[in-house]
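S.K.: no sequence on hand, only this structure:
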């Protein structure tokens, strides 16, 4: 049974991401796996002369499992309150392991039922064992399946439109085909967007975009796909314009070197998207032996 793995640190933002995942799971008929990677303080170096107290591994694991069970019960209660006769009811399971979350991604992916990881954007207002280091980026770097990053205050609701940001790379056609499998289940549209530095558009770029969309029409069996070119000499500013002026629910990018995605993570755009309450980011891995499907 296909499963969404929710990577949680028990923070409020992570709990919100779990609720968002539950809404998505109901729509695409998937189960939920709540997962936490915990740190044993005795194994964690500290700055200065102060040492962590020796804490028993089993005690921490037991407390973590209690926290996961509590979160699972809360989600199950939400399911019962919102349940409609005949609607799909996701099963909720949980697991935990010691160590950094990025170190467990490969093991989690051995479960071929898992189709997506979901995690919350991290904030600076509290320290979490789950978020030591840049775990958000580390998970994206490690994963071979899509990772959905959910901003802190977003509320689960209808997903009516995805925006797929592309530099018109042919391999993106197969990623759009994968995304169409998800969009169909949500009755959502896909807007393929390219930020073009030439203003006005030159004929070479226009021809490349037209061929790209023709390839999509041939290879992707989904009618609700459109194209929008944004003319801007700066990809960063083009992305900012996109977020401010186009109404959509999820931004989709491929984690490819020298792409929009790399520019996003090198710039303040990461924080811009993380701070917005209405723009989750779905990241596809690249390269992979096979592009994940929904």
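M.R.: Here it is on my side, so go on. Note that the structure is predicted; figures quoted are calculated from it, not measured.

S.K.: residue 154: neighbouring residues, count only.
M.R.: The local packing of residue 154 (other Cβ atoms under 10 Å) involves 21 other residues. In short, each C-beta sits where N, CA and C put it, glycine included.

S.K.: doesn't residue 19 make contact with it?
M.R.: No: at 9.6 Å, residue 154 does not count as touching residue 19 under the criterion of Cβ atoms under 8 Å.

S.K.: where does pLDDT dip in this protein?
M.R.: Residue ranges of the chain with pLDDT under 70: 42-55, 122-134, 198-202, 257-278.

S.K.: and the longest helix along it, what does it pack onto?
M.R.: Across the chain, the longest stretch assigned as helix under DSSP state H is helix 57-82. Using 3 or more Cβ pairs under 8 Å, 6 or more residues apart in numbering; DSSP states H and E, the elements in contact with helix 57-82 are helix 12-28, strand 31-38, strand 92-98.

S.K.: for the second one, the distance to its chain's centre please.
M.R.: Put simply, strand 31-38 sits 15 Å off its chain's centre (Cα atoms, centre = their mean, to the nearest Å).

S.K.: any idea how far residue 72 is from residue 252?
M.R.: From residue 72 across to residue 252, the span is 29 Å (Cβ to Cβ, to the nearest Å).

S.K.: neighbour-wise, which of those two wins?
M.R.: Each of residue 72 and residue 252 has its neighbours counted (other Cβ under 10 Å); residue 252 has more, 28 against 18.

S.K.: that one: which element?
M.R.: Assigned by DSSP states H and E, residue 252 falls within strand 250-254.

S.K.: one more: residue 190?
M.R.: Going by DSSP H and E, residue 190 is part of strand 189-196.

S.K.: give me the contacts around that strand.
M.R.: 160-168, 176, 179-180, 183, 205, 209, 212-213, 216, 222, 224-232, 235, 238-239, 242, 246, 248, 260 (Cβ atoms under 8 Å, 6 or more residues apart in numbering).

S.K.: just checking, residue 69 touches residue 96?
M.R.: No: Residue 69 lies out of contact with residue 96 (Cβ under 8 Å); the separation is 10.5 Å.

S.K.: those two - which one has more neighbours?
M.R.: A side-by-side neighbour count of residue 69 and residue 96, using other Cβ under 10 Å, places residue 96 first with 19 against 13.

S.K.: so who does that one touch?
M.R.: If a contact means Cβ under 8 Å, 6+ apart, then residue 96 has 35, 36, 37, 38, 61, 64, 65, 68 as its contacts.

S.K.: just the buried residues of stretch 143-163, please?
M.R.: 143-152, 154, 156, 159, 161-163 (16 or more other Cβ atoms under 10 Å).

S.K.: just want the most central residue of this protein.
M.R.: The residue lying closest to the centre of the chain (Cα atoms, centre = their mean) is residue 148, at 0.9 Å.

S.K.: what's the distance between that residue and residue 62?
M.R.: Counting by Cβ to Cβ - residue 148 and residue 62 are separated by 30 Å.

S.K.: quick one: secondary structure of residue 157?
M.R.: coil (DSSP: H, G, I helix; E, B strand; the rest coil).

S.K.: which parts of the chain are helices?
M.R.: 12-28, 57-82, 105-109, 135-142, 172-186, 203-219, 235-245, 260-266, 269-275.

S.K.: show me how the chain divides into domains.
M.R.: The chain breaks down by automatic domain parsing into domains covering 3-150, 161-280.

S.K.: picking that back up, ok, so of the contacts of residue 96, who is nearest residue 138?
M.R.: residue 37 (11.0 Å; Cβ to Cβ).

S.K.: got the contact list for that closest one?
M.R.: Applying Cβ under 8 Å, 6+ apart to residue 37 gives the contacts 7, 96, 97, 98, 99, 100, 101, 103, 104, 130.

S.K.: quickly name whichever of these is closest to residue 30.
M.R.: The closest of the contacts of residue 37, once distances to residue 30 are taken by Cβ to Cβ, is residue 7, at 15.4 Å.

S.K.: can you report how many residues neighbour that closest one?
M.R.: 27.

S.K.: thinking again about what came up before, of the contacts of strand 189-196, just the buried ones, ChimeraX syntax please.
M.R.: Buried residues among the contacts of strand 189-196 (16+ other Cβ under 10 Å), as a ChimeraX selection:
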select :161,162,163,164,165,166,168,176,179,180,183,205,209,212,213,216,222,225,227,229,230,232,235,238,239,242,248,260
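
S.K.: next, the buried residues of stretch 167-174.
M.R.: 168, 172, 173.
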